[in-house]
Every structure is written in structure tokens, then in C-alpha cells.
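[1] The amino acid sequence is not available; the structure is as follows:
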């Protein structure tokens, strides 16, 4: 199990197991002497029983971790089932803040830096609304970045349905 540390907004580990998981599955981002995890990556690894997080040398429970991460990202509980679904299917999912969406997804077997992401993913609750303007803006960004947009709908049981948006040329 990877032992990681939460300090401010950063979740990091300098353990050999963290570097090994990075090399195998591209969890986290390599920094000098450590692996830094996005909040969603760390939460996923905790829920999978692969990571324990400490803060000020005290072990945090899963609920404490969720509470701390949710205070920084109110939508993390919505994003987690979507992130988990892609990772369990073998895709590498990374944050996509600069694209105005939740994730960028890489083809199976491709790591960030080896090639560009295939898809940009926007997570939504089944009960939420999405304006045509929001939809068009996200689709336009995806298209201009040469990616397809995926709308990931999360239902009340946290099941995920994906809808891929493509441009058609008549």
C-alpha cells in the first residue's frame, strides 16, 4: 500500500511503490523525488485500498479524506464514479481544467506525453440540466483541440452512461 501525505492542496508520496504504480499505470505526476497525485487519483486509490493518506503524521479515514477533498472540489463525488469507470476499463484519465472539462482520456496503452488525449469528458448528474450554450461551448473546445467530447451521466446509484459527441459533415 502506498503511504501518501496531504500537505495543503498537495498529495504526494516518495515511496518506491508510488513510482512503480506510476510507471505501470500512470497514476500521479512525477516530480523531483516524489509522485504528486490529483485529488481524484488519490481518492480513487484510497477507495481501491491501494493508498493510505496521512496529514500531520495522523492517518486519515476515507470519510475525512472525502471531506477535505470536497471542501476544495464540490463536484469530486460526482467525478469519482466517472474517473473510476474509465480507470477500471484500462484508460488513463487526467484532469482537464485547461479545456474547461473534467477529464481528458487517453487511448488504452498510451500515456500522457506519448500522444494526445482522445476525449474530453464532462461529468453530469442525471438530474442536472445543461444549456445548449454550455454544450456548444464544450463541444467547440473539444473540436478545436482535435478531441471528441464525452458527456458522462451519473445516475442516483452512481452508474455511469457515456455519450460521445461527434461532428458530422453532410
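    On my side now, so go ahead. A quick note: this is a predicted structure, and the numbers were derived from the prediction, not measured.
[2] now what about the lowest-mean-pLDDT helix or strand in the chain, what contacts it?
    Within the chain, no helix or strand scores below helix 132-144, which has a mean of 88 by mean pLDDT, DSSP states H and E. For helix 132-144, the surrounding residues in contact (CB atoms under 8 Å, 6 or more residues apart in numbering) are 99-101, 119-120, 122, 148-149, 165, 167. All C-beta atoms are positioned from the backbone trio N, CA, C, and that covers glycine.
[3] And those residues, which two are furthest apart?
    100 and 167 (17.7 Å; CB to CB).
[4] Looking at these two, which is more packed in?
    Neighbours per residue (other CB atoms under 10 Å) separate residue 100 from residue 167, with residue 100 holding more: 14 against 10.
[5] give the contact list for the more buried one.
    Counting by CB under 8 Å, 6+ apart, residue 100 touches 137-138, 141.
[6] how close does it sit to residue 83?
    17 Å (CB to CB, to the nearest Å).
[7] go on, residue 29?
    Residue 29 is 15 Å from residue 83, where distance means CB to CB.
[8] Who has more neighbours out of these two?
    residue 83 (26 against 15).
[9] Report the distance from the one helix or strand the more buried one maps to to the chain centre.
    Element membership for residue 83, per DSSP states H and E: helix 76-88. Here the centre of helix 76-88 is set off from its chain's centre by 7 Å, with CA atoms, centre = their mean, to the nearest Å.
[10] Whichever helix or strand comes after that helix pairs with which strands?
    From helix 76-88 onward toward the C-terminus, using DSSP H and E, the following helix or strand is strand 92-95. Looking at strand 92-95 with DSSP bridges, its partner strands are strand 103-106 (antiparallel).
[11] same question for the partner strand, mean pLDDT?
    Strand 103-106 shows a mean pLDDT of 92.
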